[in-house]
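K.L.:
Please find the sequence and the predicted model below.
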Amino acid sequence: MLLPYNEWRHVFKLDPAKEIEEEILQAIATSGTDAIIVGGTDDITLDATLDLLMRLRRYPVAVALEVSELEAATMGFDTYLTPSVLNSGTLEHVIEKQVEALEEVGHMLAHQDLVGEGYIVLNPDAKVARVTQAKELTDDQVVAYAQLADSVFRMPIIYLEYSGIYGDPSLVASVKRVLKQGRLFYGGGIDSVERAQEMLAHADTIIVGNIIYENLEAALATVTATR
Ligand code: 1GP
């Protein structure tokens with residue numbers, strides 16, 4: 001059975017802009033991970049997204065699309081994760097791109113398949129931080145953003161995004177303490193079982209990205225942290 005997003009503990013994120021060999025794709029898809037998110041920051045094309053979707057559909061694993069880019073929106077995914085970067089310096093990445101996408105494809109998407117993600121981008125050097133002009137935040141602000149997303153906006157997912165670096169487990173724990181209903185996603189720098197376990201102690205779900213392309217064995221090992 002394919003797991004819904006609110007039961008995911010471990011997720012791999014594949015970037016459609018990056019090439020991936022068939023054996024690596026198979027190893028990732030059959031690793032025991034709960035889901036695969038297809039998403040990236042730039043150079044996302046419809047062709048590459050469709051290609052990855054078709055290749056992944058051969059395996060019994062949930063596949064979610066995470067893009068605000070109109071060009072890549074296509075049918076066939078189990079879930080459509082819609083990221084809003086809450087600490088973005090521009091409205092474009094909070095609501096505008098999302099509205100643009102829904103204007104085009106909204107009528108084809110079912111309410112239950114659309115899941116909002118309140119992103120808090122915390123690595124100022126990450127591409128996503130530059131593209132969205134993410135504001136740097138104090139720890140107290142991070143917690144306040146998380147509470148806003150959870151208790152005010154009632155977003156189903158609050159996503160602490162450190163993309164490229166390993167984050168601060170104590171800040172992840174502080175965020176977890178204020179959440180009442182949303183699920184806490186953590187992503188960034190998970191490249192070992194130890195780090196996966198450390199973040200899973202606080203976050204509901206961990207997202208493993210880059211290491212897939214750097215060290216497959218290490219990436220696969222992170223799945224065992226959920227056992
Ligand atoms: C990126 O949160 C994910 O969007 C995972 O981060 O690539 O650093 O593992 P890494």
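P.N.:
Yep, that arrived. What you are looking at is a predicted structure, and each value in this text was computed from that prediction instead of being measured.

K.L.:
Please compute how far the helix or strand of the chain with the lowest mean pLDDT lies from its chain's middle.
P.N.:
For the chain, counting by mean pLDDT, DSSP states H and E, helix 96-105 ranks last in confidence among helices and strands (a mean of 90). Chain-centre distance of helix 96-105: 19 Å, with CA atoms, centre = their mean, to the nearest Å.

K.L.:
again with stretch 40-60
P.N.:
With CA atoms, centre = their mean as the basis, stretch 40-60 stands 15 Å off its chain's centre.

K.L.:
in this structure, which segments are predicted with low confidence?
P.N.:
68, 70 (pLDDT under 70).

K.L.:
interface residues of the chain facing the ligand?
P.N.:
Residues of the chain lying close to the ligand (CB under 6 Å from any ligand atom) are 13, 161, 163-164, 187-190, 207-211. Where you see a C-beta, it was placed from the backbone N, CA and C, and this is true even at glycine.

K.L.:
Spell out, range by range, the strands that occur in the protein.
P.N.:
10-14, 35-39, 62-66, 79-85, 114-121, 157-161, 183-187, 205-208 (DSSP state E).

K.L.:
what sits opposite the residue in the chain positioned nearest to the ligand in the beta ladder?
P.N.:
Closest contact between the chain and the ligand, by CB to the nearest ligand atom, is at Gly187 (1.9 Å). Assessed by DSSP bridges, Gly187 has beta-bridge partners Glu161, Ile207.

K.L.:
how about it, what does it touch?
P.N.:
By CB atoms under 8 Å, 6 or more residues apart in numbering, the contact set of Gly187 is Lys13, Tyr159, Leu160, Glu161, Tyr162, Ser163, Ile206, Ile207, Val208, Gly209.

K.L.:
how far away is it from Gln112?
P.N.:
Using CB to CB, to the nearest Å, we find Gly187 at a distance of 24 Å from Gln112.

K.L.:
Equivalent analysis for Gly189, please.
P.N.:
Distance of Gly189 to Gln112, computed by CB to CB: 32 Å.

K.L.:
now swap in Ile44 and tell me
P.N.:
Taking CB to CB, one finds Ile44 at 24 Å from Gln112.

K.L.:
Pick out whichever of the two has more residues nearby.
P.N.:
More crowded of Ile44 and Gln112, by other CB atoms under 10 Å: Ile44, with 20 against 8.

K.L.:
distance from the centroid: which residue in this structure tops it?
P.N.:
His107 (23.6 Å; CA atoms, centre = their mean).

K.L.:
Return the distance of Glu22 relative to Ile28.
P.N.:
To Ile28, Glu22 is 11 Å away according to CB to CB.

K.L.:
higher neighbour count, those two?
P.N.:
Comparing Glu22 with Ile28 by other CB under 10 Å, the one with more neighbours is Ile28, at 22 against 8.
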